[in-house]
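Participant: Dropping the sequence and predicted coords here.
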Amino acid sequence: MGKKITMQDIADAARVSKSAVSFAYNTPDRLSSETVEHIFSVAKELGYVRNPVAYMLRTQKTNSLGLLLPQQLGRVLENPYYSEFIQGIGQICEREGLTLLLVPPLRNSMLKAIPYAAVDGFIVTGLEEDRGEVEALMQQGKPFVIVDSEVHSQAPSINIDETRAMKELTEHLISLGHRNFVVISPESGNDDGYLSWHGTIRRRIDGVISALEENGIAPLVDKKNVIEVPCTRTGGKEAFAQIKQNNSVLPTAFICFSDVIAFGVMDAARQFGLQIPRDISVTGFDDLDESACSNPPLTTVKQPVTTKGRLAAEYIVETLNAGYERASSRHVCLPITVLLRESIGPAASIRE
């Protein structure tokens, strides 16, 4: 094993001070570009490899953002939503020279994962109900922003007006003659029924409930026409099979709280020989890239997924630059749009 190359070795070979070498790696703006390039060239010739652990201990910085996830990586990566969300974060990381660390739950707990993530700030997504995560993040003294979760007065957040959009979408289905609905939601982690849901899925079902109540339509019933499944295409297929088994008469309108779930529902419906929208209407939420070219194109709620990721990362970077103690707790509500496409039509009973 060869001798470990140190900053002093680089300084000697480059004929500069050790401080200049340190500046080149940590604060290059204090040196001329020619000097920085010369030091890096010499370091490369010597085979110098920077020790990231030593750097973090010395600077108390990791140059990394953490994305705190609500599910394990395998499940998260099945949902195209997260690839679009991470694209937005990645745009800022690339611009700022940062890396991104994906932080899934530790032993099924987002709270337990927080202390083990060596990052400069957290982007938290899908925190339906706060079980101490916000307090733990505040105690760490690192900047964080919560996306698609409950709104906390002391925690910066980025959300969308889901209740209004879901009410508008449900009212349009009602105008088409639909009276028998089923709602398919990502898993809530709550066994007490949809009235005890929190966060983003609660805001979405509140919009559906409001539209049904104002039009005198029978309320939703847990496990009959409110189903929770994994937020995956397979989850959508499982939901359709469960609904078909639990209902003597198939609902005419399937309201899915995720495009990827809606894709699975449409896959399963076709396997059972049903035509969309002749036999059932299906809606999603997100407007993923596949939604406009699915068969048929999916009616959905368009939300700015990539923008949410970009704004979240920008907030963390701004806070790091300004100093956490001077950061403001911003609360952003982004606009969203209902997109009416060919996956919905008049209820089958209207055409008969």
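Facilitator: Now that the structure is in, tell me what you want to look at.

Participant: number of nearby residues for residue 63?
Facilitator: For residue 63, the neighbour count with other C-beta atoms under 10 Å is 16. Where you see a C-beta, it was placed from the backbone N, CA and C, and this is true even at glycine.

Participant: ok, and the closest non-adjacent residue to it?
Facilitator: The shortest distance from residue 63 to any residue other than its chain neighbours is 5.5 Å, reached at residue 98 (C-beta to C-beta, 6 or more residues apart in numbering).

Participant: Contacts only, for that neighbour.
Facilitator: Contacts for residue 98 were tallied using C-beta atoms under 8 Å, 6 or more residues apart in numbering; they are 63, 64, 65, 92, 120, 317.

Participant: List the buried residues for the helix or strand containing residue 92?
Facilitator: Secondary structure from DSSP states H and E places residue 92 in helix 80-96. Neighbour-count burial for helix 80-96 flags 80, 81, 82, 84, 85, 86, 88, 89, 90, 92, 93 (criterion: 16 or more other C-beta atoms under 10 Å).

Participant: next one: stretch 24-38
Facilitator: 24, 25, 31, 35, 36, 38.

Participant: The residues you listed: which two are farthest apart?
Facilitator: Greatest spacing in the buried residues of stretch 24-38, by C-beta to C-beta: 25 and 38 (13.3 Å).

Participant: What segments of the stretch 251-352 of the chain are helices?
Facilitator: Ranges of helices in the stretch 251-352 of the chain, per DSSP state H, counting those that start in this stretch, are 259-271, 305-322, 348-351.

Participant: right, and residue 234 touches residue 264 too?
Facilitator: Yes - between residue 234 and residue 264 there is a contact under C-beta atoms under 8 Å: 6.2 Å.

Participant: Show me which of these two is the more surrounded one.
Facilitator: residue 264 (25 against 15).

Participant: quick one, what contacts that one?
Facilitator: 232, 233, 234, 235, 236, 237, 238, 239, 240.

Participant: Not counting sequence-adjacent ones, nearest residue to residue 211?
Facilitator: Nearest residue to residue 211, sequence neighbours excluded (C-beta to C-beta, 6+ apart): residue 170, at 3.7 Å.

Participant: Model confidence for the one you found, exactly?
Facilitator: Looking at residue 170, its pLDDT reads 97.

Participant: Could you measure from it over to residue 344?
Facilitator: Residue 170 sits 11 Å away from residue 344, going by C-beta to C-beta, to the nearest Å.

Participant: Where does pLDDT dip in the stretch 201-350 of the chain?
Facilitator: For the stretch 201-350 of the chain, the stretches flagged by pLDDT under 70 are 323-328, 349-350.

Participant: Likewise for the stretch 51-200 of the chain?
Facilitator: In the stretch 51-200 of the chain, residues with pLDDT under 70: 51-60.

Participant: Contact partners for residue 153?
Facilitator: Neighbour list for residue 153: residue 329 [criterion: C-beta under 8 Å, 6+ apart].
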